[in-house]
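>>> Got a predicted model here, sequence first, then my questions.
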Amino acid sequence: VEMKGKKAPAEPVASEGGGDEAADQAEQSVLSIGRNLTAVPDISDAIAAVHEAGLHFVVIPLVHPRVERRAVGGGTVSAGRQFTRSDMTLGGHEWSRYVVGAVSDWVVANLEVPSLAGDAARVMAQELSWAQHLSLSAVQIGLRSLNVAMVANCLNQSLSNHGSTMYWIRVPITAPALSPNPSDEESESAAVSEPLEGPAADPWEWWVRLRQLCVPTVRLAVALELTADLPSGGEVLRWLAEPIKAVIVPKSIFLVNAAGFPVLPKAHQAVVKRLLKYNPQFVIKGSYATGNEGDEPYQRYLRYLYTKRPSLGPIETFGAGYEDVLQCPLQPLMDNLDSTTYEVFEQDPIKYARYEEAVQLALLDRVPADKAKQTVTVIMVVGAGRGPLVQCCLQAAKTAGRKVKMFAIEKNPNAVVTLEARNAEQWEGRVTVVATDMRKWRPDVQADIMVSELLGSFGDNELSPECLDGAQAFLAPDGISIPASSTSFLAPLSAPKLHIELVNARDSKQLETPYVVLLHAAFRIAEPLPAFHFVHPNHDTSSPDGGPDNERIGTFEFKTSQAAMMHGFAGYFESVLYGDVIISTNPATHSPGMFSWFPIFFPLKVPMYVPPGATITIHIWRKASSTKVWYEWACTSPSPSTIHNVGGGAYHIGL
C-alpha cells in the first residue's frame, strides 16, 4: 500500500484479531503505536500525517462528536441520512489496516441513564453496524462505571454476528472522577460529587462484569488506559491475565526530564515493561503541546522502553509459540512416545545436570573411597527412553571414580532400537538393555540405585507412584531411588483466555480435563500450597491388595487480598532427587532454566468471582482402580462448584 508516496507501516492495527495469536506473539518484533484523534477533518490527511510521523494507525470517532442523533419511532436514528463520512473516503484495505473506530463516549454515558438508555442503545447499534460495514479490525468502547449491562446488551448483538472485528474495551487502570457528559480527552479530569467505593471504584471490576455479561469470545479485549495514579502491584498483576490488546498512554502522565524530553515516572515505566511482555499495541492520547515535535518524542520514548524489556529466559525461548496452548498430558503407559517428543525433553540441560549430580552423590555416599576399586554398584534406569539418564549415570560414575553395572529398562520397542544402537556405538556395550515393562520385570540381580524420570506436570500425574511401586521389587533393601520423593502443589488461577477456549470447544468434557499449559496470560490468585506427597521406595501396605495406597485426598485454603475471577487451579511439583538435590516447577523454588515441564491446569466449568479478603477452599482427590487413575476436584468457597471429572468420566490415566 502506498500513501502519499510513502511505504505502508509494518504493523497494522489489531494484528492479532482473528489470527494465530501464538504465532503473532512469536513474530512481532516492532512496537506498534497508534494515535488517538478526537477530531478528524480529513481522514486521508490524518492517516498520512501519523504515517509520516512513524506511527501505524489512528483511533478516531466513528461519528463526529458534534453530530446529534436520537432514536425515533421504529428504531431508526435521525441525524440526516449521512451521519458520518462516506466509506469511499478510504479504500477497504486502509479502513481495516489503519483505523480503529471509537464509539461516542456520550452514547455510553447515556446507556447508564434509564430514561435515555433506549435511544442510546439504538444510536450505539448504528455506530457498531457502521464499523462492521467498514470491516474495521477493531472498535473501541469506553467504560465509565460498573453500570455496564446496557453496554453488554448492545455488544452481544455484534459479537453474535460472524466476523473478525475486535472490540477494545477502554478501561482506566485506576478509576477516574466522572462527569455526566465527559468529552473524549477530558473524562479523566472531570469532577464527581461522591468518591467511589468497593467494586464501583475498581475498573477491573467494570471490565469483568462486562465480560461476564457478554458471550464468551476472543473478540472482546482490553484497551488499558494508564492514569496518573496507579493501583497496587497485585492489582497490576491481575490485569496481566486479561486480554490486553492495547495500552493507551495519555501525554498528561509524562514528566519532563533535565534534557527537556518526556519520560514516564518510574512506577509507570515498570508497568509498561510488564505489559510489553504481552505484545500490546500502544495508543498515544492527548493534544499536541506547544513548542515540541508533536508525537515523535513520546513514541521514541515508548520504543526506548521496548528495547529495554527483559530478554527471554530459557523457558520463554523453549516455549515460544506455545504460550497458553492447552495440551493433553502424556499417557506414557498407554502410549509409546515418538522420537520428536523424546527429543524435546532431552533438550533440557538443567534437569539432566541435576540427575547427574544426584547419582554422583549417591555413588559417593554408598561406596567409600577405600572400596571404590572392588565395589561394583548396580544402577537400573527404569523408563530409559532413548538413554539420556543412562548417559548421566555413566558420566556420574566416571566423575565419582566408582564402578557401575548399568541396566536400561524400556517398554517402548522403538526407543529400544535407539538404546541398542547407543550401547553399541557410544557406550561400548557397558549397558544391558531390557525391553519390558518395569512393573513386570523380575531380574536375578537387584538394583543398588534405581533412576527414573517419570514425573509429570503435577508430579504424580504420569503414574510415577504406580510405576515405581512395581519396579521397587528389584531394588535392594538398602537401595536408593532417584527421585526419592515428589510433592505436588496447587494454586487458584485466573486464566480467562483458557476458559474461553474451552467453552468455545463446545465439548463439556474439556472443562473437566486437566491440561498441560505454558501459562502466559494468567494470574495466580494466591501462592501455591503443597498437595500430594509420595516417597520412593514406598513400603506402605495399606491398600486392599497389600501394596502401597496411592489414592489421596486434599483440602486447601487460600487467603486472598483482592478481588479476582477464578477459572481453575494451577499445579506444580517439587522432587527431591537425592540429598539436597531437587528439581522443581513450583514458582517459589523453580529450578532456574529448567523447561521440561509446563504447569498443569485444572479448569472450573463455571468461573467463580472471589471477593477481596475471601477464603478459597479447594478439594482435590486422586483416585485409582485396577485399570486407571484419575483426579476429581471442586471448590466449596467462596461458593460451591460441582465436583469435576467424577469417576474419571472425562479424563483418566490408563494403567
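Thanks, I have the structure now. Residues are numbered from 1 along each chain as shown.
>>> The longest strand anywhere in the chain: partners in the sheet, and parallel or antiparallel?
For the chain, the strand reaching the highest residue count under DSSP state E is reported as strand 564-578. Strands adjacent to strand 564-578 in the sheet, as given by DSSP bridges, are strand 485-494 (antiparallel), strand 581-584 (antiparallel), strand 600-610 (antiparallel).
>>> The closest residue to residue 231 other than its chain neighbours and residue 267, how far apart?
For residue 231, the nearest residue in space outside its immediate sequence neighbours is residue 174; the separation is 5.5 Å by CB to CB, 6 or more residues apart in numbering. Placement of C-beta: from N, CA and C, glycine included. Residue 174 sits at a distance of 12 Å from residue 267 (criterion: CB to CB, to the nearest Å).
>>> Mind listing the shared neighbours of those two?
residue 230 (CB atoms under 8 Å, 6 or more residues apart in numbering).
>>> So which of those two has more stuff around it?
Comparing residue 174 with residue 267 by other CB atoms under 10 Å, the one with more neighbours is residue 174, at 17 against 12.
>>> still on that earlier bit, any idea how far the residue nearest to residue 231 lies from residue 274?
As defined by CB to CB, residue 174 lies at a distance of 16 Å from residue 274.
>>> Residue 423 too?
On the measure of CB to CB, residue 423 and residue 274 end up 50 Å apart.
>>> Specify which residue of the two has the higher count of neighbours.
For the pair residue 423 and residue 274, the greater number of neighbours falls to residue 423 (19 against 16), based on other CB under 10 Å.
>>> Now for residue 542: which residues touch it?
Taking CB under 8 Å, 6+ apart as the definition, contacts of residue 542 comprise 548, 549.
>>> I'd like the distance between the most centrally placed residue in the chain and residue 588.
The residue lying closest to the centre of the chain (CA atoms, centre = their mean) is residue 520, at 2.5 Å. The gap separating residue 520 from residue 588 is 19 Å, by CB to CB.
>>> can you check residue 360 too?
Per CB to CB, residue 360 is found 26 Å from residue 588.
>>> More neighbours: the two, which one.
Relative neighbour count places residue 360 above the other of residue 360 and residue 588, with 22 against 10, counting by other CB under 10 Å.
>>> Need the phi and psi values for that one.
phi -60, psi -50 (degrees, to the nearest 10).
>>> How much space separates it from residue 485?
Distance, residue 360 to residue 485, by CB to CB: 19 Å.
>>> Neighbours of residue 333, how many?
Counted with other CB under 10 Å, the burial measure for residue 333 works out to 19 neighbours.
>>> Going by residue numbers, what spans are strands in the stretch 351-500 of the chain?
Counting by DSSP state E, counting those that start in this stretch, residue ranges of the strands within the stretch 351-500 of the chain are 376-382, 403-410, 431-435, 447-452, 475-482, 485-494.
>>> Tell me the buried residues in the second one?
In terms of neighbour count (16 or more other CB atoms under 10 Å), strand 403-410 has its buried residues at 404, 405, 406, 407, 408, 409, 410.
>>> Make a markdown table out of those and add pLDDT.
Shown next, in a markdown table, are those (pLDDT from 0 to 100):
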| residue | pLDDT |
| --- | --- |
| 404 | 98 |
| 405 | 98 |
| 406 | 98 |
| 407 | 98 |
| 408 | 98 |
| 409 | 97 |
| 410 | 97 |
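>>> Between the residues you listed, which sits nearest residue 580?
Compare each of these with residue 580 using CB to CB and the shortest gap goes to residue 404, at 22.4 Å.
>>> dump the residue contacts of residue 645.
512, 513, 630, 631, 632, 633, 651.
>>> Turn the residues you listed into JSON lines, including pLDDT and neighbour count.
Output for the contacts of residue 645, formatted as JSON lines (pLDDT from 0 to 100; neighbours: other CB atoms under 10 Å):
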{"residue": "512", "pLDDT": "97", "neighbour count": "24"}
{"residue": "513", "pLDDT": "97", "neighbour count": "20"}
{"residue": "630", "pLDDT": "98", "neighbour count": "21"}
{"residue": "631", "pLDDT": "98", "neighbour count": "25"}
{"residue": "632", "pLDDT": "98", "neighbour count": "20"}
{"residue": "633", "pLDDT": "98", "neighbour count": "22"}
{"residue": "651", "pLDDT": "96", "neighbour count": "18"}
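>>> now, the most widely separated pair of those residues?
The two members of those with the most space between them (CB to CB) are 513 and 632, at 12.1 Å.
>>> Quick one: mean pLDDT over the helix or strand residue 344 falls within.
Per DSSP states H and E, residue 344 falls inside helix 339-345. Averaged over helix 339-345, pLDDT sits at 92.
>>> before we move on, what about stretch 163-173?
Along stretch 163-173, the predicted confidence averages to a pLDDT of 95.
>>> Put the alpha carbons of it into PDB.
The C-alpha atoms that make up stretch 163-173 are tabulated as PDB, following Å, rounded to 0.1, in the frame of the first residue of the first chain:
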ATOM      1  CA  GLY A 163     -16.900 -11.500  11.800                       C
ATOM      2  CA  SER A 164     -13.300 -10.800  12.900                       C
ATOM      3  CA  THR A 165     -13.800  -7.300  14.300                       C
ATOM      4  CA  MET A 166     -12.100  -7.000  17.800                       C
ATOM      5  CA  TYR A 167     -13.900  -4.900  20.400                       C
ATOM      6  CA  TRP A 168     -11.400  -2.900  22.500                       C
ATOM      7  CA  ILE A 169     -12.900  -2.000  25.800                       C
ATOM      8  CA  ARG A 170     -11.200   1.100  27.000                       C
ATOM      9  CA  VAL A 171     -10.700   0.900  30.800                       C
ATOM     10  CA  PRO A 172      -8.600   3.200  33.000                       C
ATOM     11  CA  ILE A 173      -6.100   1.300  35.200                       C
END
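>>> in that stretch, what counts as buried?
Residues of stretch 163-173 classed as buried: 165, 166, 167, 168, 169, 170, 171, 172, 173 (neighbour count, 16+ other CB under 10 Å).
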